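Q: Sharing a model that was predicted from the sequence below.
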Amino acid sequence: MQMEILNKNNYHLLGIGGIGISAIAKMLQMQGKKVTGSDASQSEITDELEKSGVKVFIGQKAENIPNDTEVVIYTVAITDDNPELKEARNKNIVCKTYPEALGELSKHMFTIAISGTHGKTTTTAMIGHILEKAMVDPTIIVGSKMMGEDGKYSNFHAGKSKYLVVEACEYKRSFLNLSPKILVITNIEADHLDYYKDLDDIKSAFEELEEKVPADGFVITENEYREISDEDIKLLVPGKHNISNAKAAIKAVEKVGVSSSDAKRFLADFKGTWRRQEYRGEKDGNIFYDDYAHHPTEIRATLSALKEKHPDRKLVAVFEPHQELRTKLLFDHFVESLKIADQVFIAPIYINKEKSDGSVTNQTLADAINKQTPASAVDNPEELMGKITPLNSNLCIAMLGAGNIYKWTKEILSD
């Protein structure tokens, strides 16, 4: 299989700690390539890559790029003024984004792409799980980590078949690099409004992706899988949204020859994905869950599922807003979603590369929620536990957000 980007020997990956680009790093290394990379900060992912033999630089400097580098692959979060990207271009090294590299792989494989504002990670993992159980052995790249049969998580599985199961991200129209034979669209809502103008602009991107599906391919939307009965689907992971994800997965695998009955049977032992209603442990009689939810619809789905799963416990939501602009644009929706909980705590807003003007803070959001549901701002895990302890035990605590909130959970449970 000759591919323009992926047939070289020496690679350097910028933002290698990212959940998607780290999967490419693993794939290249498993193919015997030399792989190095860099990231702004150390993480569980960079530690895992280092243990596997990938040289990872923490902090990004021009001198990090090895002299024998043939291809640089970088996350779309990397800007043109990044010192390593500038150095690579000065040396005329081939530079491609992660979506472009993924697109190159997709061109040469039977691609099942899972897109949508919500549910795409879990649906991707479900499809991969079913196909593995059905002995199809696909290559799987997911925007989180799937739990394997050994109880360990991974965001990548190297399959031996022609099938590629891949999560298709809409941010900056990244998914238009893919060549899907089967396209799943779970849903479309307003999101990534730092890039898209409005909902119509978002819909136009999905329409462009749909146009890339060949005449002998398949596009699967809610209309295609609504007919499947909820009663027939038994899952370990709670929530009506996961029933919907399962239906999409069942319909997708039918297109490659896996029967609906087999798919339902295989899904019965699907264990979920990292930070999607992930049970993390118990402390002082309280149970903790981590969840990646950072959009109001996702928050509503997660809190509703946990209330259904633990009706005898008081539900506490600890939310880390993701990016200041998103928090502003969806402010009222966040208030409505979070008030589902019995008690809410708001962590500081996770700021990545955007500039903060301080016009909205965790205190601002907490004050708005507090008009309907008890809520307060907290700045660190110690302050959070100081406010949770007086609430007594038998709590279900949902740690929500796409940034660093999961590190709070880890710190709390390790004390």
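A: Great, that's in hand. Residues are numbered from 1 along each chain as shown.
Q: show me where pLDDT drops low in the stretch 51-200 of the chain?
A: Under the criterion of pLDDT under 70, the regions of the stretch 51-200 of the chain flagged as low confidence span 145-153.
Q: Show me where the stretch 101-250 of the chain has its strands.
A: Remark: strands of the stretch 101-250 of the chain, listed N- to C-terminal, are 110-115, 139-147, 153-157, 163-167, 180-185, 218-220; assignment by DSSP state E, counting those that start in this stretch.
Q: how distant is the first one from the center of its chain?
A: So the one you mean is strand 110-115. On the basis of C-alpha atoms, centre = their mean, to the nearest Å, strand 110-115 is displaced by 15 Å from the centre of the chain it belongs to.
Q: Would you mind pulling the contact partners of it?
A: The contact list for strand 110-115, computed with C-beta atoms under 8 Å, 6 or more residues apart in numbering, reads 106, 120, 123-124, 127, 138, 162-170, 175, 178-186, 206, 209, 248, 252, 256. Using the backbone N, CA and C atoms, a C-beta is placed for each residue, glycine as well.
Q: ok, now with 7 Å
A: When contacts are defined by C-beta atoms under 7 Å, 6 or more residues apart in numbering, strand 110-115 is touched by residues 120, 123-124, 127, 162-168, 170, 175, 178-185, 206, 209, 252.
Q: tell me the contacts of the nearest residue to residue 178 once chain neighbours are set aside?
A: Nearest in space to residue 178, with sequence neighbours left out and distances taken as C-beta to C-beta, 6 or more residues apart in numbering, is residue 106 at 4.6 Å. Residue 106 is in contact with 164, 166, 178-179, counting by C-beta under 7 Å, 6+ apart.
Q: nearest to residue 18, of the residues you listed?
A: If you rank the contacts of residue 106 by distance to residue 18 using C-beta to C-beta, residue 166 comes first, at 14.8 Å.
Q: my guess is the closest one contacts residue 141, does it?
A: Yes. Under the criterion of C-beta atoms under 7 Å, residue 166 makes contact with residue 141 at 4.8 Å.
Q: neighbour-wise, which of the two wins?
A: For residue 166 versus residue 141, the count of surrounding residues by other C-beta atoms under 10 Å is larger for residue 166: 30 against 25.
Q: Tell me which stretches of the stretch 151-300 of the chain form helices.
A: Here the stretch 151-300 of the chain has its helices, by DSSP state H, counting those that start in this stretch, at 199-211, 222-225, 240-254, 260-267, 296-309.
Q: Return the residues in contact with residue 330.
A: Listed by C-beta under 7 Å, 6+ apart, the contact partners of residue 330 are residue 296.
Q: One more pass at 8 Å, please.
A: When the contact criterion is C-beta under 8 Å, 6+ apart, the partners of residue 330 are 190, 295-296.
Q: same check, this time on residue 201
A: With contacts defined as C-beta under 8 Å, 6+ apart, residue 201 is in contact with no residue.
Q: What of the one 4 residues further on?
A: With C-beta under 8 Å, 6+ apart as the criterion, the residues that contact residue 205 are 170, 173, 175-176, 196.
Q: quick one on the thing from earlier: how close does the residue nearest to residue 178 sit to residue 26?
A: Note on residue 106: its distance to residue 26, by C-beta to C-beta, to the nearest Å, is 17 Å.
Q: Since that was my last question, I'll sign off now.
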